[in-house]
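Novice: kindly generate the corresponding structure for this input.
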Amino acid sequence: VRFSYMRMKYLFISWLVVFISSWVMYVQYSTYTELCRGHDCRKIICDKYKTGVIDGSACSSLCAKETLYFGKCLSTKPNNQMYLGIWGNLQGVIKCQMEEAAQLHFDTDPEPRKETVLFDKPTRGTTVEKFKEMVYGLFKAKLGEQGNLSELVNLILSFADGNKDGRVSLPEAKSAWALLQLDEFLLMVILHDKEHTPKLMGFCGDLYVTERVEYTSLYGISLPWIIELFIPSGFRRSMDQWFTPSWPRKAKIAIGLLEFVEDIFHGPYGNFLMCDTSAKNLGYNDKYDLKMMDMRKIVPEMNLKEIIKDRQCETDLDCIYGTDCRTLCDQSKMRCSTEVIQPNLAKACQLLKDYLLRGAPSDIHEELEKQLYLCIALKVTANQMEMEHSLILNNLKTLLWKKISHTNDS
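Specialist: Take a look at the predicted model:
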């Protein structure tokens, strides 16, 4: 009887382990298939290309020659597909929209992609001059009367000419118009000559390919999902900091992030706001130069202000976009104010604090900590904020650069 009881006990425990493991694997597989829909993305784009609706520099390689391949899935959201890709002898990152470009709504998910209207503009019969007016109007609405918008329009037309025949066809124009609805694409065009923005390699519809970045997160280590399940989040954050480059290399990467913040702070086309300052959105190459991995939540300040100015609210929690762009709720009007509380630099310093202080040389540790906390305390509403912003940014860059300029890592 005792033997039978023990045997039944072990059989039950074994069955329970198998059941739980199978359930966990099913959930993870379901999550993966929802997140990683590269086959669907390719089919949608290629169907439009083969029917002559869209065209672009990557279309033939993706749909006809089949020399552009989807590799490892990097997607974190089902509507924004991201894959490592191989294009002939080149490596890149493929990004594809499975739904319409996310609008800056606070309480609703993006609407499902509407296949019939996604590539509906410009319409047949639209001249190049009319298309230029459309693009100019879009830029004016998003960026305001800042910078040389006509020059930016010409840059877009040059990029839209995928086959480089000196003219923009209607299918190429449809692809370009769809891409311009994406804030990330617009920012990549504006910052095309900046070091920390990945280079655009090609496009087809609203799918586009950027240069490959060797390291796809600022820090941390990738673990199998089954191990991730059993690691507490607090311990996981501490463990991430163990798997980082040497301190001089971290300092060089940090300088790159500070330079990127400088690039988007009151540039020729206005100020852009970083609304998801996460380590997963930053990467770096084999020379430890920072590269922005994901810029979907970097939005034009004017565009964000226009959308939230009449936003109803009860508390400040109703006035958040992404994870980092916060405004105050005006209790007298029950509307969100338009001024984002924390500037990009403060958010960047918050991200860099533990990253830089861990392993920092003792002779600069105290000064570095002081400068980082001054940086984190920056507020948009403070008097002379722009002067303080420039001073703190320059102090941090100088402090880090002086320490690493004589090393091989610099």
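Novice: so who does residue 284 touch?
Specialist: By C-beta atoms under 8 Å, 6 or more residues apart in numbering, residue 284 lies in contact with 213-215, 218, 253, 256, 290-291. (C-beta placed from N, C-alpha, C; glycine too.)
Novice: who does it bridge with?
Specialist: Going by DSSP bridges, residue 284 is paired in beta bridges with residue 215, residue 290.
Novice: confidence score at it?
Specialist: The score at residue 284 is 92. That number is its pLDDT.
Novice: how long is stretch 322-336 end to end?
Specialist: Start to finish, the residues bounding stretch 322-336 are 15 Å apart (C-alpha to C-alpha, to the nearest Å).
Novice: give the contact list for residue 203.
Specialist: The contact partners of residue 203, taken as C-beta under 8 Å, 6+ apart, are 56-58, 159, 162, 175-176, 179, 209.
Novice: err, residue 204, not the other one
Specialist: 45, 49, 54-59, 62-63, 175.
Novice: kindly report the same for residue 38.
Specialist: Contacts for residue 38 were tallied using C-beta under 8 Å, 6+ apart; they are 70, 73, 81, 83, 94, 96.
Novice: rerun that using 10 Å as the cut-off
Specialist: Neighbour list for residue 38: 69-71, 73, 75, 81-83, 85, 94, 96, 98 [criterion: C-beta atoms under 10 Å, 6 or more residues apart in numbering].
Novice: and residue 52, by the same measure?
Specialist: Applying C-beta under 10 Å, 6+ apart to residue 52 gives the contacts 169-171.
Novice: which one (most neighbours) among those residues?
Specialist: Per-residue neighbour counts (other C-beta atoms under 10 Å) across the contacts of residue 52 peak at residue 171, which has 21 neighbours.
Novice: what about that one, distance to residue 51?
Specialist: Here residue 171 is placed at a distance of 10 Å from residue 51 (C-beta to C-beta, to the nearest Å).
Novice: do a quick rundown of the helices in this protein.
Specialist: 2-35, 38-50, 59, 128-143, 149-160, 170-179, 183-190, 225-228, 233-242, 247-264, 301-308, 344-357, 362-376, 385-404 (DSSP state H).
Novice: which stretches of the stretch 101-250 of the chain have low pLDDT?
Specialist: Per-residue confidence of the stretch 101-250 of the chain (counting by pLDDT under 70) places the weak regions at 101-117, 220-231, 233-234, 236-237, 241.
Novice: sorry, back to before: need the contacts of residue 52 in TSV with distance to residue 118, can you?
Specialist: TSV is the format used below for the contacts of residue 52 (distance: C-beta to C-beta, whole Å):
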residue	distance to residue 118
169	18
170	15
171	13
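Novice: compare the helices of the chain and give me the one nearest residue 281.
Specialist: helix 344-357 (9.7 Å; C-beta to C-beta).
Novice: what is the closest one packed up against?
Specialist: In this structure, helix 344-357 makes packing contacts with helix 233-242, helix 247-264, strand 272-274, helix 362-376, helix 385-404, judged by 3 or more C-beta pairs under 10 Å, 6 or more residues apart in numbering; DSSP states H and E.
Novice: not counting sequence-adjacent ones, nearest residue to the most centrally placed residue in the chain?
Specialist: In the chain, the C-alpha closest to the average C-alpha coordinate belongs to residue 294, at a distance of 1.9 Å (C-alpha atoms, centre = their mean). Leaving aside its chain neighbours, residue 294 sits nearest to residue 281 (4.2 Å; criterion: C-beta to C-beta, 6 or more residues apart in numbering).
Novice: okay, now that neighbour: neighbour count?
Specialist: Using other C-beta under 10 Å, the number of residues around residue 281 comes to 20.
Novice: sorry, back to before: whichever of the contacts of residue 284 end up buried, select them in ChimeraX.
Specialist: Below is the selection syntax for ChimeraX that covers the buried ones among these, with 16 or more other C-beta atoms under 10 Å defining burial:
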select :213,215,218,253,256,290,291
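Novice: need the contacts of residue 284 in a markdown table (columns: distance to residue 16).
Specialist: Formatted as a markdown table, the contacts of residue 284 follow (distance: C-beta to C-beta, whole Å):
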| residue | distance to residue 16 |
| --- | --- |
| 213 | 43 |
| 214 | 43 |
| 215 | 40 |
| 218 | 40 |
| 253 | 46 |
| 256 | 50 |
| 290 | 47 |
| 291 | 46 |
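Novice: between the contacts of residue 284, which is closest to residue 325?
Specialist: residue 218 (19.7 Å).
Novice: gap between that closest one and residue 348?
Specialist: Counting by C-beta to C-beta, the separation of residue 218 from residue 348 is 11 Å.
Novice: overlap in contacts, those two.
Specialist: Jointly contacting residue 218 and residue 348 under the rule C-beta under 10 Å, 6+ apart are 254, 257, 282.
Novice: ok, and the most crowded of those?
Specialist: Neighbour counts for these were taken using other C-beta under 10 Å; the highest belongs to residue 282, which has 25 neighbours.
Novice: isn't that residue up against residue 298?
Specialist: No. Here residue 282 does not reach residue 298: they are 11.7 Å apart, not a contact under C-beta atoms under 10 Å.
Novice: find residues that contact each of these two.
Specialist: With contacts defined as C-beta under 10 Å, 6+ apart, the residues adjacent to both residue 282 and residue 298 are 260, 292.
Novice: so where's the stretch 251-400 of the chain shaky on pLDDT?
Specialist: For the stretch 251-400 of the chain, residues meeting the criterion pLDDT under 70 lie at 382-383.
Novice: redo that, cut-off 80
Specialist: Within the stretch 251-400 of the chain, the stretches falling below the threshold (pLDDT under 80) are 307, 381-385.
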